[in-house]
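> Predicted model and sequence below, questions to follow.
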Amino acid sequence: MSIVEFKNVVKRFGTTTVLNGIDLTINKGEVVVVVGPSGSGKSTLLRCINVLETIEEGDITVNGLSVRGSGAQVRELRREAGMVFQQFNLFPQLTALENVMFGPVHTRGSARKQAREEAIALLGKVGLEEKVNHYPGELSGGQQQRVAIARALAIRPQLMLFDEPTSALDPELRHEVLKVMQDVAEGGMTMIVVTHEMEFARKVGSRLIFIDGGKIAEDGAPADLLSNPPSQRLKDFLQHVA
Ligand code: ADP
Ligand code: MG
């Protein structure tokens, strides 16, 4: 069953075409790792899915909801797609617990008591039961990113989007975030992960996509593409990130 469908998607910024006719189907439970050179449109691809950017041509659907749909449809679509950013983007004036409760209370209309219990459980899942009442400024980058993952999961999305979730972290803090992402993947979540963590791609990814020149240049099994890159472009890219 497909969760995400791109049909001939074109995205431009002014006269620059960033996505140039993307066709892509992602099925339930897939963990799709997206790689590509800087500026190749990886963030834009994710941002078009939850309508942080609009597209010029084609269509994207999430669980059948179109990014070109009505305002109500787009709001519903956004609740299907949790997003985790490179820079965490937590609310600094709210505690970890309040950050995680925010979505359920304000966008899902959940009762506070239930939202609170679920948020505590989610923070426990990401290993932060001790930190529920801490503010983001009191947490390490790795802890903040785990709060951000819990916050995205709290809206009970069908799909999780990760945009270089470990790039802003010191190397020794990356592992704890990657471990949580692996747990989420093993729980059956459908995920699209932009990352340079090739070990994660190989171990956790079920599919690897290489974006280049506004197009999907490669799409296949991570182990195959990483061990035997079919094109010189991918070979060069992998040498660059390794
Ligand atoms: P990546 O995430 O692969 O590094 P991005 O999706 O961020 O690439 O950007 C792709 C291209 O689109 C780049 O050339 C970037 O400069 C351009 N771009 C991204 N966002 C904007 C924007 N809001 N306005 C104008 N150009 C943008
Ligand atoms: Mg990016």
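That came through fine. Ligands and ions are numbered 1, 2, ... in the order given.

> what about E164, how many residues close to it?
By the criterion of other CB atoms under 10 Å, E164 has 20 neighbours. For every residue, glycine as well, the C-beta is placed using N, CA and C.

> List the buried residues for the longest helix along the chain?
Of all segments of type helix in the chain, defined using DSSP state H, the longest is helix 171-186. Across helix 171-186, burial judged by 16 or more other CB atoms under 10 Å covers L173, R174, E176, V177, L178, K179, V180, M181, V184, A185.

> just curious, which of those residues is nearest to V100?
Among the buried residues of helix 171-186, V180 lies closest to V100 (CB to CB), at 13.4 Å.

> Enumerate every residue touching the closest one.
K125, V126, G127, R146, I149 (CB atoms under 8 Å, 6 or more residues apart in numbering).

> Let's see which of these end up in strands.
With strands taken from DSSP state E, there is no overlap with the contacts of V180.

> Taking these, tell me the two that lie furthest apart.
Spanning the widest gap among the contacts of V180 are G127 and I149, at 10.6 Å by CB to CB.

> neighbour count winner among these two?
Taking neighbours as other CB under 10 Å, G127 and I149 compare with I149 leading, 25 against 16.

> so which of the contacts of V180 comes closest to E76?
Checking the contacts of V180 against E76 with CB to CB, the nearest one is I149 at 21.9 Å.

> For that closest one, which residues are in contact?
Residues in contact with I149 (CB under 8 Å, 6+ apart) are V84, V126, P165, V177, V180, M181, V184.

> repeat for S110
P104, E118.

> So it, which state does it fall into?
coil (DSSP: H, G, I helix; E, B strand; the rest coil).

> The one 4 residues further on now?
Look at Q114: counting by three-state DSSP, its state is helix.

> ok, it - contacts?
Neighbours of Q114 in contact, by CB under 8 Å, 6+ apart: P104.

> May I have the predicted confidence score for it?
pLDDT, Q114: 95.

> Would you mind measuring from it to A121?
11 Å (CB to CB, to the nearest Å).

> Filter the contacts of V180 down to just the ones in helices.
K125, R146, I149.

> Of those, just say which sits nearest to T15.
Each of the ones in helices among the contacts of V180 was scored against T15 by CB to CB, and I149 proved nearest at 36.7 Å.
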